[in-house]
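# need a structure here:
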Amino acid sequence: MSQIHTVDARGLTCPQPVLETKKVLDEGLEHHFLVIVDNPTARENVARFARNQGCEVEIQDGEPGQFEIKVAVADAPKVAEAQEELLACPMPDISSPGKVVVYVGKRCMGTGDDVLGTKLMRGFLRTWIDVTPLPW
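A predicted model of the protein is given here:
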């Protein structure tokens, strides 16, 4: 029995687990693979992204505090009927003295898939609403 390809995204901050999943899908070499994450936001975002790409997704609890996401690529590409929005990634509390400045140089995050990049940028910018103190 062959070993299933595994993406170990434990400890990676958002949106890195989604980007690692996208990399495997873009390579097109794996029809079934496993993504391991260690937080609920990554679990939801990886699952939503994979479903948006037409994949079948099964989520299982792994070791305590870990989630295993089984992704199965469809033989014939199919488009999800309704695209699921990715969740906003949690931001660390920035309560140290001083000012925080956020510079955004383009409308999407990363290169290659502008639709995904735009969604990731939207999620990134939404997280700043909850940051205390607000950026200067």
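
# Look at residue 75 and report its pLDDT.
Per-residue pLDDT puts residue 75 at 72.

# What's the local residue count around residue 114?
Neighbourhood size, residue 114 [other CB atoms under 10 Å]: 14. For glycine as for every other residue, the C-beta is placed from the backbone atoms N, C-alpha and C.

# er, residue 107 I mean
Residue 107: 10 surrounding residues under other CB under 10 Å.

# you'd agree it is in a strand?
No - using DSSP: H, G, I helix; E, B strand; the rest coil, the assignment for residue 107 is coil, not a strand.

# Next up, the contacts around the residue most central in space within the chain.
Centroid-nearest residue in the chain: residue 18, 2.7 Å away (criterion: CA atoms, centre = their mean). Contacts for residue 18 were tallied using CB atoms under 8 Å, 6 or more residues apart in numbering; they are 42, 45-46, 49, 86, 116, 120.

# ok, residue 34 - how many residues close by?
When counting by other CB under 10 Å, one arrives at 18 neighbours for residue 34.

# Would you confirm that it contacts residue 6?
Yes - if you go by CB atoms under 8 Å, residue 34 and residue 6 touch, sitting 4.7 Å apart.

# Residues that sit against both of the two, list them.
Common contacts of residue 34 and residue 6 (CB under 8 Å, 6+ apart): none found.

# And the helices in this structure, which stretches?
16-27, 40-52, 114-127 (DSSP state H).

# Out of the ones you listed, which gets nearest to residue 72?
Comparing the helices of the chain by their distance to residue 72 (CB to CB), the top pick is helix 40-52, with 8.9 Å.

# before we move on, back to that, lowest average confidence across the helices of the chain, which one?
Lowest mean pLDDT of the helices of the chain: helix 114-127, a mean of 82.

# separation between the residue lying closest to residue 72 once chain neighbours are set aside and residue 32?
Nearest residue to residue 72, sequence neighbours excluded (CB to CB, 6 or more residues apart in numbering): residue 56, at 4.2 Å. As judged by CB to CB, to the nearest Å, residue 56 and residue 32 stand 9 Å apart.
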